[in-house]
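Trainee: Quick one, structure for this:
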Amino acid sequence: MTLNRMEELKCDGTERITVDYVKGILQPTPTCDNWDQIWDFQARPDDLLICTYPKAGTTWTQEIVDFILNDGDVGRTQRAPTHVRFPFIEWVIPSIGSGLEQANAMPSPRTLKTHLPFQLLPPSFLEKNCKIIYVARNPKDNLVSYYHFHRMNKALPAPGTWEEYFESFLTGKVCWGSWHDHVKGWWEARDQHRILYLFYEDLKMKPKHEIRKLGEFIGKKLDDNVLDKIAYHTSFDVMKQNPMANYSTVPTEVMDHSVSPFMRKGAVGDWRNHFTVAQNERFDEDYQRKMAGTSLTFHFQF
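Mentor: Here you go, the predicted model:
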């Protein structure tokens with residue numbers, strides 16, 4: 001381990017996973033230890049991959065996609081928890097298992113998940129011309145959500161104080177690296193590959209429109225009844241009560257929902273309840289500098 005962080009990782013009184021770097025991107029150590037196998041992962045042409053920066057609407061998108069693939073059948077989408085239905089290819093947790101092994105054992109067609117930045121995506125996904133769905137969330141809300149996720153998820157480093165985590169996020173010293181580089185890397189790749197690039201805020205503002213777009217990309221035509229059903233069952237309030245989607249089946253020693261629920265608010269603009277005026281000014285300056293030259297735009301509130 002190149003980072004001397006064992007004491008820091010225990011600062012909240014619990015044993016936390018250690019971290020290291022893969023090609024300059026911070027990752028949980030088990031991912032680093034298995035990196036060669038992850039990089040050599042063999043995609044199949046009919047794989048469907050969902051990719052996001054952490055806490056950018058991943059589980060929400062997975063649930064929508066599963067409903068689309070199952071024509072709105074609620075029973076089918078509740079056949080297993082999210083992390084079983086969608087192998088997380090770079091994730092290894094001893095008490096849960098290896099996403100890589102899970103994916104390799106899954107029959108086709110597979111629906112898979114990753115948080116990897118574009119430059120770390122296993123090459124076979126592009127070689128096999130797989131369909132990839134990418135979802136981006138405005139960085140202020142993404143930061144807040146990721147902070148609370150770190151607090152409850154012992155498979156990630158302890159976040160430290162809000163002020164400390166704010167600095168870590170700005171400098172990209174968090175697992176899966178810089179938000180700015182992540183969203184820009186996938187944005188720049190979208191025209192060269194089969195990538196559907198969506199925005200969390202659009203999914204919140206016009207869910208049925210975005211669900212229909214997802215259906216078209218996947219190759220499923222959705223009638224209005226199925227569309228209404230999917231929009232309802234993938235709404236935040238319904239998913240929050242669904243044990244197959246809210247991660248309540250994960251052992252408490254990994255995710256402690258009493259610290260912060262996995263599905264916390266799902267709102268746009270919650271950052272205003274966390275950022276100080278000075279932090280907001282600093283964030284905006286940093287954002288303008290790092291996002292200069294890109295056509296990407298985000299909604300920070302409604």
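
Trainee: quick one, what contacts R85?
Mentor: Neighbour list for R85: Q62, D66, T77, R79, T111 [criterion: Cβ atoms under 8 Å, 6 or more residues apart in numbering]. C-betas here are computed from N, CA, C, even on glycine.

Trainee: I'd like the residues you listed laid out as CSV, including neighbour count and secondary structure.
Mentor: Formatted as CSV, the contacts of R85 follow (neighbours: other Cβ atoms under 10 Å; DSSP: H, G, I helix; E, B strand; the rest coil):
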residue, neighbour count, secondary structure
Q62, 25, helix
D66, 22, helix
T77, 25, helix
R79, 12, coil
T111, 19, strand
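
Trainee: Confidence-wise, which of those residues comes last?
Mentor: Checking pLDDT across the contacts of R85, the minimum falls on T77 at 78.

Trainee: For that one, give me its contacts.
Mentor: For T77, the contacting residues are E63, D66, F67, N70, R85, H233, M244, by Cβ under 8 Å, 6+ apart.

Trainee: wait, the fourth one sits on R76?
Mentor: Yes - when contacts are counted by Cβ atoms under 8 Å, N70 is listed as touching R76 (4.0 Å).

Trainee: In terms of packing, which of the two has more residues around it?
Mentor: Set side by side, N70 and R76 show more neighbours around N70, with 16 against 13, by other Cβ atoms under 10 Å.

Trainee: measure the more buried one to M106 for me?
Mentor: 16 Å (Cβ to Cβ, to the nearest Å).

Trainee: and what of P30?
Mentor: Distance, P30 to M106, by Cβ to Cβ: 20 Å.

Trainee: Outside of the host helix or strand of F169 itself, list whatever touches it.
Mentor: Using DSSP states H and E, F169 sits in helix 162-170. Applying Cβ under 8 Å, 6+ apart, the contact partners of helix 162-170 are 143, 146-147, 150, 159-160, 174, 179, 274, 279, 282-283, 286.

Trainee: try 6 Å this time
Mentor: Here helix 162-170 makes contact (Cβ atoms under 6 Å, 6 or more residues apart in numbering) with L143, Y147, P159, V174, Q279, D286.

Trainee: got CSV for these, with pLDDT too?
Mentor: Output for the contacts of helix 162-170, formatted as CSV (pLDDT from 0 to 100):
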residue, pLDDT
L143, 95
Y147, 93
P159, 88
V174, 95
Q279, 96
D286, 96
